[in-house]
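In: Turn this into a structure:
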Amino acid sequence: MTRADAAAAGASAPPYGVYVHFPFCSHRCPYCDFAVTTDRPPEAGRYLRGVLAELALRAGPFAGLRPVSLYVGGGTPSLWDPAELAALVRALRERLALPETAEATLEANPESVDPNWRTYFVGLGGHGQDVAHGPLIDALAQRAKVARPATAAAAGATPAPDSAAKQGAVSRMIQIYANRGHLIANLDPLGLTVRPVPKVLGLDYLNLGEADLDTEFYTGSRNEAIKPRLKLREIIAQLKEIYCGTVGAEFAHR
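Out: The predicted structure follows:
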């Protein structure tokens, strides 16, 4: 088989993406439902050795397939030592034939990005170029100074100073219910089980209260099943029905 034939065969192989999980974080966000820990990453490359051992065990079934992307998620992968990440990428190229042209994504917290990362990413090459943020920030600041036509204020509907914060809290609450609502789902038809309500599902956890229940908020709905704006008490009722109601499961036994 010629090199051209081999390349053609590789191009026709089924594609797949590679995901590597780095579970370490400096702190855990209340809405996060991923497998993460706030413990310090193991030293001396212990976590990397574990990932490489897992790679060696699982690489066999992927022979003949075509990796097209690499996604390193977490956690906070930007806490991972750049030299260890480089070793990981080399191992993926050797074990899975991950091409140098594969799309690569790494989740990062800007507060944890070490200056060595820039050196590492520049070494990876690529077609994109960095865009300086300073001029963009200055342009946005100038745009914000431009007077805009009065709308709500002219109509007498001046929003409360904390309305944006309240809306943000409601949006976070919707996400938390999607991640944690199952913890109080009605799974006991006899009603004998008492399931404690997690603190993150309480109104006070997000600085909301009884006084907000009759205030309308945006729901973020993408279809007509749920209105784009509802009172908070209606939003909570919808969330409980969707994520905390009864769940049926059917098992087939031989």
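
In: drop to CA atoms for contacts and neighbour counts, all remaining ones
Out: Noted.

In: Give me the contacts around the biggest helix by length in the chain.
Out: With secondary structure taken from DSSP state H, the chain has its longest helix at helix 163-180. With CA atoms under 8 Å, 6 or more residues apart in numbering as the test, helix 163-180 has contacts from 30-33, 200-201, 206-208, 217-220, 232, 239-240, 243.

In: Show me these that map onto strands.
Out: In strands, defined here by DSSP state E, the members of the contacts of helix 163-180 are 217-218.

In: Just the buried residues from the contacts of helix 163-180, in PyMOL please.
Out: The following PyMOL line selects those of the contacts of helix 163-180 that are buried, judged by 16 or more other CA atoms under 10 Å:
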select buried, resi 31+200+201+206+208+217+218+219+232+239+240+243
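
In: coming back round to it: could you pull up the mean pLDDT of the longest helix of the chain?
Out: Helix 163-180 shows a mean pLDDT of 86.

In: which SSE is residue 226 in?
Out: Residue 226 belongs to no helix or strand when elements are defined using DSSP states H and E.

In: How is the protein partitioned into domains?
Out: Per automatic domain parsing, the domain ranges recorded for the chain read 11-124, 163-243.

In: which stretches of this protein form strands?
Out: Applying DSSP E to the chain gives strands spanning 15-22, 66-74, 103-106, 216-218, 229-231.

In: State the distance from residue 82 to residue 57.
Out: To residue 57, residue 82 is 24 Å away according to CA to CA, to the nearest Å.

In: the more surrounded of the two?
Out: Comparing residue 82 with residue 57 by other CA atoms under 10 Å, the one with more neighbours is residue 82, at 18 against 10.

In: quick one: the helices in the stretch 151-254 of the chain?
Out: 163-180, 232-243 (DSSP state H, counting those that start in this stretch).

In: What residues sit buried inside the longest one?
Out: To tie it back to what came earlier, the one meant is helix 163-180. 166, 169-170, 173-174, 176-178, 180.

In: and which of those residues is nearest residue 212?
Out: Nearest to residue 212 among these, counting by CA to CA, is residue 166 at 8.6 Å.

In: Might you report the residue contacts of residue 200?
Out: Residue 200 sits next to 30, 176, 206 when contact means CA under 8 Å, 6+ apart.

In: where in this protein is pLDDT low?
Out: For the chain, the stretches flagged by pLDDT under 70 are 1-12, 31, 114, 117-161, 247-254.

In: tell me the contacts of residue 181?
Out: 201, 239-240, 243-244.

In: Now residue 75: closest residue in space that isn't a chain neighbour?
Out: What sits nearest to residue 75 in space, not counting adjacent residues and going by CA to CA, 6 or more residues apart in numbering, is residue 23, at 4.2 Å.

In: Look up how far residue 77 lies from that neighbour.
Out: Relative to residue 77, residue 23 is positioned 8 Å away (CA to CA).

In: again, but for residue 239
Out: Distance from residue 239 to residue 77, by CA to CA: 32 Å.

In: and if you look at residue 94?
Out: Residue 94 sits 22 Å away from residue 77 when distances are taken as CA to CA.

In: Which of the two has more residues huddled nearby?
Out: Using other CA under 10 Å, the more surrounded residue of residue 94 and residue 77 is residue 77, with 23 against 11.

In: In this structure that one contacts residue 106, no?
Out: Yes - the pair residue 77 / residue 106 is scored as a contact, 6.7 Å apart, by CA atoms under 8 Å.

In: Was I right to think residue 47 contacts residue 41?
Out: Yes - between residue 47 and residue 41 there is a contact under CA under 8 Å: 7.5 Å.

In: ok, those two, which is more surrounded?
Out: Applying other CA under 10 Å to residue 47 and residue 41 shows that residue 41 carries more neighbours, namely 18 against 15.

In: For burial, what's the neighbour tally of the nearest residue to the more buried one once chain neighbours are set aside?
Out: Once flanking residues are discounted, residue 41 sits nearest to residue 24: 6.1 Å by CA to CA, 6+ apart. Look at residue 24: counted by other CA under 10 Å, it has 22 neighbours.
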